[in-house]
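A.B. asks: Just to be clear, the model below is a prediction. Sequence and coordinates:
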Amino acid sequence: MWTFVVDGAANEKELVASVQDYLATWPAEQLARIPSSCRPRRVADVDAVAEIAYRLSATLTGFAGTPEDKLLLRRMTDFFMHAFARSLMVRSRVEPAARS
């Protein structure tokens, strides 16, 4: 479902809002199980989405936690990688002068 919400984002502001909405659906106890080194906190812009996607994927590669925690980490990573890919598409449609 959330990938469809992300795919519907027409601009960077909508994309960031969809990421924030997604994070708001995570119960605090599940979010706390994501390693603190890559746990999403404040997502202010699409650059933050890219940074979080990178940190999540790097952490997932060597993750040695429980299978349940790995599943949560994978779910979060998959979402952020999708949001990052969408951010590239959204940015490619914006004229360079409009980004300044």
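C.D. replies: Thanks, I have the structure now. Residues are numbered from 1 along each chain as shown.

A.B. asks: Could you list the buried residues of the longest helix along the chain?
C.D. replies: Secondary structure of the chain per DSSP state H: the longest helix is helix 67-92. For helix 67-92, the neighbour count (16 or more other Cβ atoms under 10 Å) marks 72-73, 76-81, 83-84, 86-87, 90 as buried. From N, CA and C alone the C-beta is placed, and that goes for glycine too.

A.B. asks: Out of those residues, which comes closest to Gln30?
C.D. replies: Nearest to Gln30 out of these is Leu72 (Cβ to Cβ; 5.8 Å).

A.B. asks: confidence score at that closest one?
C.D. replies: You'll see Leu72 listed with a pLDDT of 97.

A.B. asks: Can I get the buried residues of helix 67-92 in CSV including distance to Gln20?
C.D. replies: Listed next are the buried residues of helix 67-92 as CSV, based on distance: Cβ to Cβ, whole Å:
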residue, distance to Gln20
Leu72, 19
Leu73, 19
Met76, 14
Thr77, 17
Asp78, 17
Phe79, 12
Phe80, 12
Met81, 17
Ala83, 11
Phe84, 15
Arg86, 14
Ser87, 14
Val90, 16
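
A.B. asks: picking that back up, I'd like to know which elements the longest helix of the chain is packed against.
C.D. replies: Judged by 3 or more Cβ pairs under 8 Å, 6 or more residues apart in numbering; DSSP states H and E, the packing partners of helix 67-92 are helix 2-7, helix 12-24, helix 46-61.

A.B. asks: tell me the angle of it relative to helix 46-61?
C.D. replies: Angle of helix 67-92 versus helix 46-61, following axes from the mean of the first three to the mean of the last three Cα atoms, to 10 degrees, is 150 degrees.

A.B. asks: Alright, calling it a day.
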